[in-house]
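Participant: The sequence isn't on hand, but the structure is:
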């Protein structure tokens, strides 16, 4: 019991004092980079997925108690606002406005030590959004490709890699390595694993307009 008390105290101290500021900073940096990426995409299908990726980080921005940046695209803002309304209500299962698949929004109800302060509640909300809303490569049958989701994953991993290390990868690594120490490694693909495959298939500086190319998508799925 004493060990559990120490563990809980250490975890919530790290979350409130270090991980929350890092997550807020990283999310803001990702919003800025994804906006630059989406502005440079000419292919309408890929651009639509980039805007959904932007909306995804917009929801996290709102969950962390931050305002959306000025000049945020109207389409992405509408998606983020609709999604965040469901997240904050935490009312039950519903179709995600951003992704179109069903999410159990009751998972966004703060619990445990996350109810102890407003800061921990916002940390819980933002990090839960990252954890609950996935980027699946296949549909629920496990066989049919979800290529739209795959493109969003590629766009996000590419945006993270294009940020200066101190503004992107270093912040992500600090958050991931710390949470892994406390609760174990992720059993989902990480951005670094995606980046390795992206480099193999699309090159070290991918042209995001080429994401929907069928041959490259075949190679991406095969390599992954």
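Facilitator: Nice, thanks for sending it over. Worth saying up front: this structure is predicted, and the values here are computed from it rather than measured. Numbering: from 1, shown residues only.

Participant: Going by C-alpha atoms from here, please, whenever you check contacts or count neighbours.
Facilitator: Fine.

Participant: can you pull out the strands in this protein?
Facilitator: Along the chain, counting by DSSP state E, strands occupy 93-95, 102-104.

Participant: TSV for these, including mean neighbour count and mean pLDDT?
Facilitator: Output for these, formatted as TSV (neighbours: other C-alpha atoms under 10 Å; pLDDT from 0 to 100):
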stretch	mean neighbour count	mean pLDDT
strand 93-95	13	95
strand 102-104	16	94
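
Participant: and the residue nearest the centre of the chain, how far is that from residue 12?
Facilitator: Geometric centre of the chain, nearest residue: residue 130, 4.8 Å, by C-alpha atoms, centre = their mean. From residue 130 over to residue 12 the distance is 18 Å, taken as C-alpha to C-alpha, to the nearest Å.

Participant: again, but for residue 83
Facilitator: Distance, residue 83 to residue 12, using C-alpha to C-alpha: 27 Å.

Participant: Comparing the two, which shows the higher neighbour count?
Facilitator: Set residue 83 next to residue 12 and count neighbours by other C-alpha atoms under 10 Å: residue 83 wins out with 21 against 16.

Participant: close enough to count as contact, that one and residue 99?
Facilitator: No - in this structure, residue 83 is not within contact of residue 99 by C-alpha atoms under 8 Å, at 9.5 Å.

Participant: Residue 35 and residue 129, how far apart?
Facilitator: For residue 35, the distance to residue 129 - C-alpha to C-alpha - is 20 Å.

Participant: Next up, the contacts around the residue lying closest to residue 99 once chain neighbours are set aside.
Facilitator: Nearest non-adjacent residue to residue 99, counting by C-alpha to C-alpha, 6 or more residues apart in numbering: residue 52, 7.7 Å away. With contact taken as C-alpha atoms under 8 Å, 6 or more residues apart in numbering, residue 52 is in contact with 76, 79, 98-99, 152.
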